[in-house]
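Chemist: The following comprises the amino acid sequence and a computationally predicted model.
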Amino acid sequence: MALTNQEYDLLLGNPSIGVMLDRAERGDARLPAQIEGGFGPAEADDQLVSDDVPVMHDDFSGGAFYSKRLLKTGYAYAEGAYCRDPRVVLPAGAVTELPLPAGTVEISGSFEQDGHLYLLAGALAVRLGSGTDLPVNAQYLGAGFVADGAAAFNGATYVGGSGGNLWRLQGGVWTQSASAARRKAATVSWVIPSEGSGISAERLIMATSDLRNIRYVAGDPLIDANWGPVIRVGSSSHPITSLVSAPRHAYICKTDGLYDLNSRGETPHLTPGLRHAAIAPSNGAVSLYWGGFVYFTHVSGLYRVWVGDPVVQYQPGWCQPGWGLPNETPIHGACTALAIDQGWIIASVYNGTNSYQGAGVDRREVGIEGIGPLLWHFAEVALPGERITHMRVTAPGSQPRLWIATMYGGQARLRWVSLPKAATPLEDFLASGQHRFQQRWTLYPSVHDWGDADAEKIIKQLGVVTENLGTGVTMDVAANADGGAWTSQGTIRTSPRARLVPRAPLSKGQQIGLRIIGNGTALIPAVLRSAKVRAEVNVELFERRRYPIRVQRGQKTRNGATDRRNPARVWQQIVDFQRAGPIDMVDEQGNQLTIRVRGGMPFKQVEDKESGDWTYIAALDVTVLDIVAMGGVGRTFKWNDGTKWNSSAVWKASGATTFFVWNAGWKWNSGIMWRGAAT
């Protein structure tokens with residue numbers, strides 16, 4: 001509907017219906033029309049004026065990957081922060097890098113023997129004396145040899161791999177088998193019925209050199225004749241990728257799933273459903289037994305299978321970090337390494353560019369409900385540009401540490417991470433223990449929308465409660481709106497309480513995010529206790545108007561013409577608007593709107609005794625949904641010479657070169673008198 005200098009006060013619908021406002025009369029004079037209006041909330045349960053609504057972030061023990069706040073105790077992610085304990089955030093353990101010998105290739109495994117730590121890197125075995133000394137080359141395993149597994153057996157460690165025969169390390173002496181070529185490695189204690197002794201004995205289990213079958217040995221593994229018969233495991237088209245030791249069983253990971261190996265030589269497939277999932281060379285490359293479950297990596301994530309007490313039944317399934325959660329963080333991708341620390345599964349995630357190390361635990365162990373079988377905290381260590389290839393927890397000198405091996409641009413790197421001794425990091429700090437901290441950590445709490453993602457929030461204040469801040473220990477707070485750029489809100493230098501007023505450009509938005517950075521020392525950590533965001537929820541408002549209208553035959557329109565329409569027919573059309581959807585409207589000032597006529601319109605009918613017509617006087621309630629175009633023309637429209645429309649001027653001027661056309665099709669300069677003419 002085009003914006004026009006309408007004949008009627010209001011034009012409703014498309015095609016339009018003209019409606020005149022009801023004007024009170026005083027003697028012979030008609031008083032100006034009065035229109036009531038106001039602004040109200042768009043939704044029935046919204047409050048017109050919202051008080052400050054605080055959002056408190058004071059417990060992050062519910063885990064990471066809640067980019068949106070679905071869980072009060074969750075958070076989006078961290079880098080270098082330890083969030084496992086309730087109601088406190090502090091830095092994770094200090095990270096120390098050690099130089100590797102020249103030529104060290106990718107580290108794929110490790111083992112401990114005689115108090116030393118050994119790393120397996122292709123054809124090299126690298127030793128860290130006493131588990132703490134600088135790495136040195138301990139043994140060259142032969143040209144073309146690539147180590148891929150090690151296991152302790154009968155007081156020695158046996159190392160298998162491709163491109164050569166089995167190696168043994170015992171008493172500091174390396175010895176290679178002359179005939180036994182084996183790969184991967186695990187040990188298991190079995191009572192083998194065919195032996196008849198009824199006595200449990202340990203066996204070394206390894207894969208054949210082609211990774212198709214399994215063999216086991218109770219005697220000297222370097223003598224090929226000592227090995228038992230070949231045990232077939234599933235289809236030979238799917239190679240073995242790792243072996244897992246567990247009580248009375250060994251478990252075999254292949255590219256098509258997990259197999260059980262029992263003392264009778266049976267190898268049932270425990271995950272037949274995975275045959276229908278993606279088959280990839282990396283499936284099962286990393287595996288771990290913990291808490292009655294076998295965990296193993298898969299190209300689609302991390303998978304676990306219950307192999308504990310058969311009376312207890314748990315469904316197998318996916319459990320990778322972020323599974324089922326609103327994870328919009330950079331921490332995603334394949335798990336590349338697993339370890340154990342204080343009952344937590346230590347896992348690494350590689351997103352194709354960066355690696356992150358975090359920790360997970362079965363939700364039943366900590367009593368925290370949430371999505372997915374495991375509760376994950378990420379990331380305690382972030383390594384940009386690197387891929388974690390192996391992890392291991394040791395305790396040289398009874399002080400635990402986590403070893404992390406990575407690849408960075410074709411170069412192998414090695415670090416260790418400080419872990420607390422039989423305590424949490426905070427307990428160790430309070431007891432003046434030996435645990436040391438990273439000097440910088442970053443926490444991203446869950447983005448919050450105050451329960452209404454559409455409503456605009458006006459941020460009024462940020463409140464932060466901390467510990468240990470002072471000389472050399474600070475905390476930086478930044479915020480953003482709707483995923484935009486981070487804006488610094490200030491640096492906190494003293495504990496325990498700080499209040500920050502939001503800085504420009506952050507003042508409002510639909511969703512508000514925080515970024516908190518702690519800066520401390522290896523001995524004194526910056527500790528976060530809580531962060532509060534105070535905001536006013538600015539609800540959506542609609543303009544509402546109440547028009548007094550009159551529908552009457554013979555009443556004068558805005559330009560002085562007589563309204564000769566059937567009032568009953570016009571009235572019915574107006575009534576029907578109550579049951580219609582949004583309609584067009586041109587209001588009394590010429591503004592083009594989209595409106596909704598509200599139901600329940602009060603009215604009265606007055607009969608004209610002479611004509612028998614009825615006059616309808618009503619209160620037309622409308623909600624303004626949108627202002628399509630601001631008009632402002634109406635009865636004040638003027639031509640260039642200053643003459644107003646509806647002023648009785650006859651537009652019969654000469655010299656015009658352009659014809660202006662009204663809605664009726666009449667042209668300017670056509671001799672039409674614009675008073676009383678119908679539009």
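Modeler: All right, it came through fine.
Chemist: can you point me to the longest helix in this structure?
Modeler: helix 567-576 (DSSP state H).
Chemist: Restricting to C-alpha, output that helix in PDB.
Modeler: What follows is helix 567-576 as a C-alpha-only set of coordinates in PDB (Å, rounded to 0.1, in the frame of the first residue of the first chain):
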ATOM      1  CA  PRO A 567     -21.400   2.000   7.700                       C
ATOM      2  CA  ALA A 568     -22.400  -1.600   8.500                       C
ATOM      3  CA  ARG A 569     -20.200  -3.000   5.800                       C
ATOM      4  CA  VAL A 570     -17.200  -0.800   6.800                       C
ATOM      5  CA  TRP A 571     -17.700  -1.800  10.400                       C
ATOM      6  CA  GLN A 572     -17.700  -5.500   9.600                       C
ATOM      7  CA  GLN A 573     -14.400  -5.200   7.800                       C
ATOM      8  CA  ILE A 574     -12.900  -3.500  10.800                       C
ATOM      9  CA  VAL A 575     -14.300  -6.200  13.100                       C
ATOM     10  CA  ASP A 576     -12.700  -8.900  10.900                       C
END
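Chemist: what helices or strands is the helix or strand following it leaning on?
Modeler: Using DSSP states H and E, the helix or strand that follows helix 567-576 in sequence is strand 583-586. Other elements packing on strand 583-586 under the criterion 3 or more CB pairs under 8 Å, 6 or more residues apart in numbering; DSSP states H and E are strand 10-12, strand 592-597. No exception for glycine: its C-beta is placed from N, CA and C like everyone else's.
Chemist: Show me how far strand 583-586 is from its chain's centre.
Modeler: Centroid displacement of strand 583-586 relative to its chain, using CA atoms, centre = their mean, to the nearest Å, is 43 Å.
Chemist: Direction included, what does it pair up with?
Modeler: In the sheet, strand 583-586 lines up against strand 10-12 (antiparallel), strand 592-597 (antiparallel) (DSSP bridges).
Chemist: residue ranges with poor pLDDT in the protein?
Modeler: For the chain, applying pLDDT under 70 flags the ranges 1-5, 26-30, 43-51, 191-199, 631-679.
Chemist: Could you check how many residues crowd around Val597?
Modeler: Using other CB atoms under 10 Å as the criterion, Val597 is surrounded by 22 other residues.
Chemist: With the one 5 residues further on instead?
Modeler: When counting by other CB under 10 Å, one arrives at 10 neighbours for Pro602.
Chemist: try His448
Modeler: 17.
Chemist: So Gly273 lies in a helix, does it not?
Modeler: Yes - assessed with DSSP: H, G, I helix; E, B strand; the rest coil, Gly273 lies in a helix.
Chemist: Give the other helices and strands that the longest strand seen in the chain contacts.
Modeler: In the chain, with assignment by DSSP state E, the single longest strand is strand 614-629. In terms of contacts (3+ CB pairs under 8 Å, 6+ apart), strand 614-629 is packed against strand 541-551, helix 567-576, strand 592-597, strand 603-607.
Chemist: what about the spatially most central residue of the chain, which helix or strand?
Modeler: The structure's the chain has its C-alpha centroid closest to Asn327; by CA atoms, centre = their mean the separation is 2.5 Å. For Asn327, there is no enclosing helix or strand under DSSP H and E.
Chemist: Enumerate every residue touching it.
Modeler: Taking CB atoms under 8 Å, 6 or more residues apart in numbering as the contact definition, Asn327 lies against 65, 67.
Chemist: separation between it and Trp376?
Modeler: 10 Å (CB to CB, to the nearest Å).
Chemist: Overlap in contacts, those two.
Modeler: Phe65.
Chemist: Please enumerate residues in contact with stretch 155-170?
Modeler: 111, 113, 118, 120, 123, 125, 139, 141-151, 174-185, 204, 206-207, 209, 221-222.
Chemist: follow-up on the earlier one: including distance to Val244, could the helices and strands packed on strand 614-629 go into a markdown table?
Modeler: Converted to a markdown table, those look like this (distance: least, CB to CB, whole Å):
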| stretch | distance to Val244 |
| --- | --- |
| strand 541-551 | 62 |
| helix 567-576 | 74 |
| strand 592-597 | 65 |
| strand 603-607 | 81 |
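Chemist: and of the ones you listed, who's closest to Phe296?
Modeler: When these are compared by CB to CB, strand 541-551 sits nearest Phe296, at 55.5 Å.
Chemist: could you give the angle of that closest one to helix 567-576?
Modeler: Strand 541-551 runs at 170 degrees relative to helix 567-576, counting by axes from the mean of the first three to the mean of the last three CA atoms, to 10 degrees.
Chemist: what lines up beside the longest strand of the chain in the sheet?
Modeler: strand 541-551 (antiparallel), strand 592-597 (antiparallel), strand 603-607 (antiparallel).
Chemist: got CSV for those strands, with distance to Ser61 too?
Modeler: What follows is those, written out as CSV (distance: least, CB to CB, whole Å):
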stretch, distance to Ser61
strand 541-551, 39
strand 592-597, 48
strand 603-607, 62
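Chemist: before we move on, back to that, so which of the helices and strands packed on strand 583-586 is the most surrounded?
Modeler: strand 10-12 (a mean of 23; mean count of other CB atoms under 10 Å).
Chemist: what does it rub up against?
Modeler: Under CB under 8 Å, 6+ apart, the answer for strand 10-12 is 1, 4, 17-21, 547, 549, 574, 577, 583-588, 597, 620.
Chemist: 10 Å instead?
Modeler: With contacts defined as CB atoms under 10 Å, 6 or more residues apart in numbering, strand 10-12 is touched by 1, 3-4, 16-21, 547, 549, 573-574, 577, 580, 583-588, 590, 592, 595, 597, 620, 622, 679.
Chemist: The helices and strands packed on strand 583-586: which one's closest to Gly470?
Modeler: Ranking the helices and strands packed on strand 583-586 by proximity to Gly470 (CB to CB) places strand 592-597 first, at 59.2 Å.
Chemist: Work out the gap between that closest one and the centre of the chain.
Modeler: On CA atoms, centre = their mean, the centre of strand 592-597 falls 39 Å from the chain's centre.
Chemist: Repeat that for stretch 433-448.
Modeler: The answer for stretch 433-448 is 19 Å, by CA atoms, centre = their mean.
Chemist: Counting neighbours, which bits of that stretch end up buried?
Modeler: For stretch 433-448, burial by neighbour count (16 or more other CB atoms under 10 Å) applies to 435-439, 441-448.
Chemist: Next, count neighbours for Arg275.
Modeler: 13.
Chemist: Contact partners for the closest residue to it other than its chain neighbours?
Modeler: What sits nearest to Arg275 in space, not counting adjacent residues and going by CB to CB, 6 or more residues apart in numbering, is Asp256, at 5.2 Å. Residues near Asp256 by CB under 10 Å, 6+ apart: 234-235, 237-239, 269, 271-272, 274-277, 279, 283-284.
Chemist: Count the residues that sit near Arg248.
Modeler: There are 11 residues near Arg248, going by other CB under 10 Å.
Chemist: returning to that earlier point: state the distance from the residue nearest to Arg275 to Leu204.
Modeler: 25 Å.
Chemist: gap between the helix or strand containing Leu462 and the chain center?
Modeler: Take DSSP H and E as the rule and Leu462 turns out to sit in strand 456-467. In terms of CA atoms, centre = their mean, the centre of strand 456-467 is found 22 Å from the chain centre.
Chemist: Can you name every helix or strand that the helix or strand following it contacts?
Modeler: Under the assignment DSSP H and E, the closest C-terminal helix or strand after strand 456-467 is strand 474-481. The contact analysis (3 or more CB pairs under 10 Å, 6 or more residues apart in numbering; DSSP states H and E) places strand 474-481 against strand 440-445, strand 456-467, strand 487-492, strand 497-500, strand 508-509, strand 512-519, strand 527-538.
Chemist: Mind putting those strands into TSV with distance to Ala334?
Modeler: Putting the helices and strands packed on strand 474-481 into TSV (distance: least, CB to CB, whole Å) gives the following:
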stretch	distance to Ala334
strand 440-445	22
strand 456-467	36
strand 487-492	34
strand 497-500	39
strand 508-509	34
strand 512-519	27
strand 527-538	31
